[in-house]
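> need the 3D shape of this:
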Amino acid sequence: MPIFGKTYGWNDGTSSWISSNRETITWQSTTANDDNTIPAIQNLWLSAYPNPFSSNLNVQVNSKLTAPVSVQLFNLKGQLVYADKTEPNHSITINKTLSNGIYFLKARQGNDTCARKIIHIK
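Residues are numbered from 1 along each chain as shown. As a prediction, this is how the structure comes out:
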């Protein structure tokens with residue numbers, strides 16, 4: 001938010017600038033996050049490709065922690081259609097017969113959870 005100093009003006013009738021009345025702008029420091037909170041850093045994230053997929057779905061699970069990661073695939077009804085465990089920073093391939101539609105891929109490691117929407121087409 002700028003703070004303005006003196007206002008500028010013109011010399012009487014000569015159309016010349018009065019140098020002693022130049023505008024002064026002082027900028028206060030600001031941050032992108034004005035409420036002064038620090039966003040949480042994710043310990044767990046995953047990627048899945050190709051998306052949409054038709055046969056094999058490659059899932060990359062990354063984590064800053066060393067505990068095993070549970071990977072689950074749910075249909076839109078919330079039914080579990082695939083489950084596996086893997087080590088962090090590894091990938092798995094899901095090769096399962098599925099109906100066309102939208103699925104949710106979920107990774108869980110301790111209290112951390114990450115999810116992605118996946119589309120299956122034939």
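
> pLDDT weak spots in the protein?
Counting by pLDDT under 70, the chain contains low-confidence residues at 1-41.

> switch to 50 and redo it
Where the chain drops to pLDDT under 50, the residues are 1-7.

> quick one, strands of the chain?
Counting by DSSP state E, the chain has strands at residues 2-4, 25-27, 44-49, 56-63, 69-75, 80-86, 90-95, 101-109, 112-120.

> mind giving me a markdown table with those strands and columns for mean neighbour count?
Using the backbone N, CA and C atoms, a C-beta is placed for each residue, glycine as well. Output for the strands of the chain, formatted as a markdown table (neighbours: other Cβ atoms under 10 Å):
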| stretch | mean neighbour count |
| --- | --- |
| strand 2-4 | 9 |
| strand 25-27 | 8 |
| strand 44-49 | 16 |
| strand 56-63 | 19 |
| strand 69-75 | 19 |
| strand 80-86 | 14 |
| strand 90-95 | 14 |
| strand 101-109 | 18 |
| strand 112-120 | 16 |
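
> so what's K85 up against?
P68, V69, S70, V71 (Cβ atoms under 8 Å, 6 or more residues apart in numbering).

> what's the closest of those residues to H90?
Closest approach to H90 among those (Cβ to Cβ): V69, at 8.3 Å.

> partners of the residue nearest to P68 when sequence neighbours are not counted in the sheet?
Spatially, and ignoring its direct neighbours in sequence, P68 is nearest to K85 (5.1 Å; Cβ to Cβ, 6 or more residues apart in numbering). Beta-bridge pairing for K85 (DSSP bridges): S70.

> L76 against S99, yeah?
No - contact criterion Cβ atoms under 8 Å: L76 and S99 do not qualify, at 10.2 Å.
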